[in-house]
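Peer 1: sequence and predicted model, in that order:
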Amino acid sequence: MYRLRHSPETVALAIKMRSEGNGIRATGRILGKSHATIIGWEKHLEKNDLFEKATAFIVEMGEKK
């Protein structure tokens, strides 16, 4: 995903966890990232209209397993 310092897999997992109802702080704790980082990812994806791309990546990851 464009201009993120973390792996696309980590960002996609965070988005998936958030969409399934996990809180920002809980997601951060589980992934070992700060809640501010999670918020930043969400803002970045929303600003750049990348939620659809992130969702497609999540689906692709699920199909590989």
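Peer 2: Okay, I see it.
Peer 1: mind exporting the least confident helix or strand in the chain by mean pLDDT as CSV, just the C-alpha atoms?
Peer 2: Ranked by mean pLDDT, DSSP states H and E, the weakest helix or strand in the chain is helix 51-64, scoring a mean of 71. Extracted in CSV, the C-alpha atoms of helix 51-64 (Å, rounded to 0.1, in the frame of the first residue of the first chain):
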residue,chain,number,x,y,z
PHE,A,51,-9.8,1.1,1.5
GLU,A,52,-10.9,-0.8,-1.5
LYS,A,53,-7.4,-1.8,-2.3
ALA,A,54,-6.8,-2.8,1.3
THR,A,55,-10.0,-4.9,1.3
ALA,A,56,-8.9,-6.6,-1.9
PHE,A,57,-5.6,-7.4,-0.4
ILE,A,58,-7.2,-8.9,2.7
VAL,A,59,-9.4,-11.2,0.5
GLU,A,60,-6.3,-12.2,-1.5
MET,A,61,-4.4,-13.1,1.7
GLY,A,62,-7.3,-15.2,2.8
GLU,A,63,-7.4,-17.1,-0.5
LYS,A,64,-3.7,-18.0,-0.2
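Peer 1: got the contact list for it?
Peer 2: With C-beta atoms under 8 Å, 6 or more residues apart in numbering as the test, helix 51-64 has contacts from 1, 8-9, 11-13, 15-16, 45. Every residue, glycine included, has its C-beta placed from N, CA and C.
Peer 1: if we go to 6 Å?
Peer 2: Helix 51-64 is contacted by residues 12, 15-16, 45 when judged by C-beta atoms under 6 Å, 6 or more residues apart in numbering.
Peer 1: and what of stretch 17-29?
Peer 2: 14, 34-35, 38.
Peer 1: tell me the pLDDT at residue 37?
Peer 2: Note for residue 37: predicted pLDDT of 95.
Peer 1: tell me which element it is part of?
Peer 2: helix 35-47 (DSSP states H and E).
Peer 1: relative orientation of that helix and helix 51-64 in degrees?
Peer 2: 110 degrees (axes from the mean of the first three to the mean of the last three C-alpha atoms, to 10 degrees).
Peer 1: who touches helix 35-47?
Peer 2: 11, 14, 24-25, 27-28, 51, 54.
Peer 1: in a markdown table, list these along with secondary structure and distance to residue 60.
Peer 2: As requested, the contacts of helix 35-47 are exported to a markdown table (DSSP: H, G, I helix; E, B strand; the rest coil; distance: C-beta to C-beta, whole Å):
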| residue | secondary structure | distance to residue 60 |
| --- | --- | --- |
| 11 | helix | 14 |
| 14 | helix | 16 |
| 24 | helix | 25 |
| 25 | helix | 28 |
| 27 | helix | 20 |
| 28 | helix | 24 |
| 51 | helix | 15 |
| 54 | helix | 11 |
